[in-house]
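# model this:
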Amino acid sequence: MPEEVEVSAGRTRNRWGEGDRLRGEILDAASRLLSELGGEDGLTIRGVARAVGIAPASIYQHFTDRSALVAGLLDYEFARLRAAMEVAEAGEDPADVVGRVRALIHAYCRFAMDNPGHHRLMMANGATRATPDAHPQGPLPDLIELLTTGFARCDAAGFSLRVPAERAGVIAFVGAHGRVALFHNSPSRGGADSVLPFVDELVSLVFG
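This next block holds a predicted model:
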C-alpha cells in the first residue's frame with residue numbers, strides 16, 4: 001500500500017501514526033467555521049470535512065458524531081483560552097501580583113470579544129454538577145480557579161481583599177463576563193477600550 005494516497009485536491013492523507021495531527025486539523029477547521037458562522041448551529045460534519053479537505057468518513061474516525069465533535073471543540077477552545085490567559089499572566093512582572101490578575105482578566109475579555117461564537121458555546125457548556133448541591137466541575141470553573149489563585153496571591157502579598165479569594169475570583173469573572181456580554185449585544189456602546197477599563201475598576205473594588 002502506498003504511504004500517501006490522494007484524498008482531495010491539494011491534500012494528501014496523513015502518514016501512518018499522524019492521526020493526532022488530523023484530529024488537530026479537524027478541530028482547527030471547526031474553530032474557523034465557528035467564527036465564520038457566528039455559532040454552532042450551522043456546524044456540520046460535512047462542512048468541517050470540506051474545510052479540512054477530507055471525506056466525512058475520516059472525521060468519524062476521531063469523532064463518532066456531531067455531538068462528539070462539538071465536545072472536542074469545546075475542549076480545544078477552552079485550552080486556547082486558558083493558554084492565552086496563562087501567557088498574558090506570565091508576561092507580567094512576577095512581583096506585580098495585582099497586574100497578573102488584571103492580565104488574566106484582560107486575556108479572557110479579549111478572547112471573548114474576538115471569538116463571540118466560541119464564547120457563547122463555551123459559556124453554555126463549560127460546567128456541570130453531579131448533583132444540584134455539588135461544586136461545579138469542568139473547564140469553566142478551572143478558569144475561575146486561575147483568578148482565585150491570583151487573588152489569593154495578592155492577599156498573601158499584603159493586598160487585603162474585601163471578600164475571600166474564592167469569592168473574589170467569582171465576582172471578577174462574572175463581572176467581566178457580563179461586561180463582555182453587553183459588548184456583544186450592544187457593540188455601539190464601545191469596544192475593548194471601554195471593556196478593559198471597566199474590568200480594571202471591578203478588580204480595584206475587590207481590594208480593601
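# wait, what's in contact with A57?
Counting by CB atoms under 8 Å, 6 or more residues apart in numbering, A57 touches no other residue. All C-beta spots, glycine's among them, are computed from the backbone N, C-alpha and C.
# state the mean pLDDT of whichever strand or helix holds it.
In this structure, A57 sits in helix 56-59 according to DSSP states H and E. Mean per-residue pLDDT for helix 56-59: 92.
# buried residues of that helix, list them for me.
Applying a neighbour-count criterion of 16 or more other CB atoms under 10 Å, one finds 58-59 buried in helix 56-59.
# just the helices in the chain please.
19-37, 45-52, 56-59, 66-90, 97-114, 116-124, 139-156, 165-185, 192-206 (DSSP state H).
# tell me the contacts of the closest residue to L205 other than its chain neighbours?
Spatially, and ignoring its direct neighbours in sequence, L205 is nearest to R162 (7.6 Å; CB to CB, 6 or more residues apart in numbering). Residues near R162 by CB under 8 Å, 6+ apart: 168, 205-208.
# need the buried ones from these selected in PyMOL.
Those of those that count as buried under 16+ other CB under 10 Å are selected in PyMOL with:
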select buried, resi 168+206
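# hang on, the earlier thing: for T131, which of the helices of the chain is the nearest?
Across the helices of the chain, T131 has its closest neighbour in helix 139-156 (15.2 Å, CB to CB).
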